[in-house]
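> compute the structure for the input listed below.
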Amino acid sequence: KKKKKKKKKNRSKNKEKNFLKKKENIHSLKKNKSDKLKKKIENEEISLNSFNQYLPNISKVCKLFKFVTPKELLLNSLEISKNENSILTGWQDSSICCFEKLDKHIKKKSVILKAHCSSVFLTKYTACDNFFLTGSVNSELKFWSNKTKRLLLNFENFYGSIWDASFSKKNSFFVTGGPDKWCLLWNPSRLYPLRIFKGHFSDINVVRWHPCNSIFASGSSDSLSFLWDIRTAKAIGKIETFESSIHSLEFSPNGLELTMAGLSNKIDFWDMRMNKLRKRIIDKLDQNIFTNFAYCKNGQNFCYSLENKNVKMLGNYSSENFESKDLIGNKIYKSTIIPTKLNKIFQIRFNPLNRLMILGT
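Here you go, the predicted model:
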């Protein structure tokens, strides 16, 4: 009997020990899981904090410029220099107005230039801000000095009016496009165009240089976008996925992506390496037309302006950390809305200090 009692006691003790061990194991497992979750959260917080360092400061307006002009005149074009020290405007009465010394502590200066015979629709600074280009409806194309405000060249343009122009960042070449269905390559050392690029069937609304500065893209009302090589004057790519006329083009800072938009509520992102459509953003809530867009210098942020005078920013749109999915499985990109009190937005871009500049009236 005594032996049986001892055996029972030993069994109960063993059971208690096993039960305690199981509890300890479960507790340790829960601790490991919680530690893993904490590490994941910390990593996500680190990535979010590092991402927020690159986000532009949209909580306040850093600079605001106000200019009083007659109500009868209409503003057709607006351009700001890279150093944010001067603004160039083109008006319907064929005049060009330059505003200089935009600092608060210095008196502003304005210079009016009159050399065109019709309304000015094009004003562009060069990459070095030492010169600027102006174009009018009656196919006039003029090259000016930014320091002396004197006319340096009057290009011989027999190919119609010019809607858009883009300067190369590494050399003195620039490209123009207009209703003549041709893209023209110019150099300030010559009065006539160096190359003529043919391929579109309608007006060319926008031209943009690739970061390599030997390729440029053009967008037209025929819903086509071409990639041109200035060395051979031939098309090296043709994009036919867009369904309406193209009015906006922009290359990513690394040159691996081309964004395009036009008279629709869609933005297409074209992969330059794979030569296929990478993704498409559709604004189903607002259903507004996209007018302009810009990339941040690090390529993590993407901004675009809408027809309803608002600007939206996509934070790290290329990463999966800042995406969500609806019930169907479509990706929804988180965006922040920047309301503006402007009647018309001409241009948006990021400056070297990662500030977002919105140019409009």
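
> give me the most central residue, the protein.
The centroid of the chain falls nearest to residue 294 when counting by CA atoms, centre = their mean (1.3 Å).

> gap between that residue and residue 349?
Per CB to CB, to the nearest Å, residue 294 is found 5 Å from residue 349. (Each C-beta comes from the backbone N, C-alpha and C, glycine too.)

> using the three-state scheme, assign residue 16.
helix (DSSP: H, G, I helix; E, B strand; the rest coil).

> in this protein, what helix or strand scores lowest on average pLDDT?
strand 323-325 (a mean of 37; mean pLDDT, DSSP states H and E).

> tell me which element residue 12 falls in.
helix 2-54 (DSSP states H and E).

> I'd like the average pLDDT over that helix.
For helix 2-54, the mean per-residue pLDDT is 58.

> bridged to residue 360, which residues?
On the basis of DSSP bridges, residue 360 is bridged to residue 345.

> residue 132 now?
Applying DSSP bridges, one finds that residue 132 bridges with residue 125, residue 144.

> how about residue 238?
Here residue 238, judged by DSSP bridges, has bridge partners residue 226.

> quick check: it touching residue 220?
No - contact criterion CB atoms under 8 Å: residue 238 and residue 220 do not qualify, at 11.3 Å.

> who has more neighbours out of those two?
Comparing residue 238 with residue 220 by neighbour count (other CB atoms under 10 Å), the higher total belongs to residue 220, at 24 against 11.

> now the helix or strand hosting residue 267, how far from the centre of its chain.
Element membership for residue 267 (DSSP H and E) is strand 266-271. Relative to its chain's centre, strand 266-271 lies at 12 Å (CA atoms, centre = their mean, to the nearest Å).

> who touches residue 305 in this structure?
290, 291, 292, 293, 311, 312, 345, 348, 358 (CB atoms under 8 Å, 6 or more residues apart in numbering).

> again with residue 261
With contact taken as CB under 8 Å, 6+ apart, residue 261 is in contact with 246, 247, 248, 267, 268, 289, 290, 291, 293, 304.

> the third one contacts residue 294, doesn't it?
Meaning residue 248. No - applying CB under 8 Å, one finds residue 248 not in contact with residue 294, separated by 10.1 Å.

> ok, now how distant is the closest residue to residue 174 other than its chain neighbours from residue 127?
Once flanking residues are discounted, residue 174 sits nearest to residue 167: 4.5 Å by CB to CB, 6 or more residues apart in numbering. Distance, residue 167 to residue 127, by CB to CB: 5 Å.

> so, low pLDDT: which residues of the stretch 201-350 of the chain?
Within the stretch 201-350 of the chain, the stretches with pLDDT under 70 are 283-288, 299, 308, 315-335.

> kindly recompute the last result at 50.
Within the stretch 201-350 of the chain, the ranges that satisfy pLDDT under 50 run 318-330, 332.

> isn't residue 297 right up against residue 350?
Yes - if you go by CB under 8 Å, residue 297 and residue 350 touch, sitting 6.1 Å apart.

> what about those two, which has more around it?
A direct count of neighbours by other CB under 10 Å for residue 297 and residue 350 places residue 350 higher, at 18 against 13.

> that one - nearest residue in space that isn't next to it in sequence?
Counting by CB to CB, 6+ apart, the nearest residue to residue 350 once its immediate chain neighbours are dropped is residue 296, at 5.1 Å.
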